[in-house]
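[1] everything below, folded, please.
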Amino acid sequence: MSDDTPESLIPYDEIVQEALREVVGRVLREVEATGTLPGGHHFYITFQTRMPGVTIPKHLSDRFPDEMTIVIQHRFWDLKVEDEFFTVGLSFGGIPSTLVVPFAAVTDFVDPAVDFSLKFQANGAPSEHEDHDKPENDSPVSEPVDDGSNVVSVDFTKKK
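    Prediction:
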């Protein structure tokens, strides 16, 4: 018996990544439908700024040429969720901006209120995460809620 695992002809990693991105879309659709975040929930979303379909103001792409993290909490507007992307209005340094982010560009989705986190490999991007600054959109008006909820962590790594 050999320790060599044959290479799969089925792209399991891609299928799992797409399914997990649908979790992000579903959560954002629920926020879109109600117009507000329930309880203390809020989201940190990190995405590759150079991915096709990403639209951010020039001053942000100059500052974050590769990766950017946004916070969806108290000050956001016009959240719209489509099958392949979402748009959201956020303020950066007091300047209102509209961002278009394809789900394929998302590398991290975190809800710190309940210690929930998903990590993705951006489709077509390298698998290594670069160090980046803290989120730059205007800070929240309240502190995150620590309610002792269960921790859910999903980490899929490609086995070679």
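[2] how close does residue 114 get to residue 39?
    The span separating residue 114 from residue 39 equals 9 Å under the rule C-beta to C-beta, to the nearest Å. C-beta coordinates here come from the backbone N, C-alpha and C atoms, glycine included.
[3] how about the strands in this structure?
    Taking DSSP state E as the test, the strands found in the chain are 43-48, 67-72, 76-81, 85-92, 95-102, 106-111, 116-119, 152-154.
[4] quick check: angle from the third one to strand 43-48?
    Just to be clear, that refers to strand 76-81. An angle of 70 degrees separates the directions of strand 76-81 and strand 43-48 when computed by axes from the mean of the first three to the mean of the last three C-alpha atoms, to 10 degrees.
[5] strand 76-81 packs against which elements?
    Helices and strands touching strand 76-81, by 3 or more C-beta pairs under 8 Å, 6 or more residues apart in numbering; DSSP states H and E, are helix 12-34, strand 85-92.
[6] and it, which strands flank it?
    In the sheet, strand 76-81 lines up against strand 85-92 (antiparallel) (DSSP bridges).
[7] returning to that earlier point: give me the more crowded residue out of residue 114 and residue 39.
    Applying other C-beta atoms under 10 Å to residue 114 and residue 39 shows that residue 114 carries more neighbours, namely 19 against 10.
[8] not counting residues beside it along the chain, what's closest to residue 72?
    Residue nearest to residue 72 in three dimensions, not counting chain neighbours: residue 43, with 4.5 Å by C-beta to C-beta, 6 or more residues apart in numbering.
[9] tally up the residues packed near that neighbour, please.
    For residue 43, the tally of surrounding residues (other C-beta under 10 Å) stands at 20.
[10] now do residue 35, the pLDDT please.
    Here the pLDDT value assigned to residue 35 is 88.
[11] can you pull the contacts of the nearest residue to residue 61 once chain neighbours are set aside?
    In space, residue 61 comes closest to residue 49 once its chain neighbours are excluded; the distance is 5.7 Å by C-beta to C-beta, 6+ apart. Residue 49 makes contact with 56, 60-61, 64-68, 105 under the criterion C-beta atoms under 8 Å, 6 or more residues apart in numbering.
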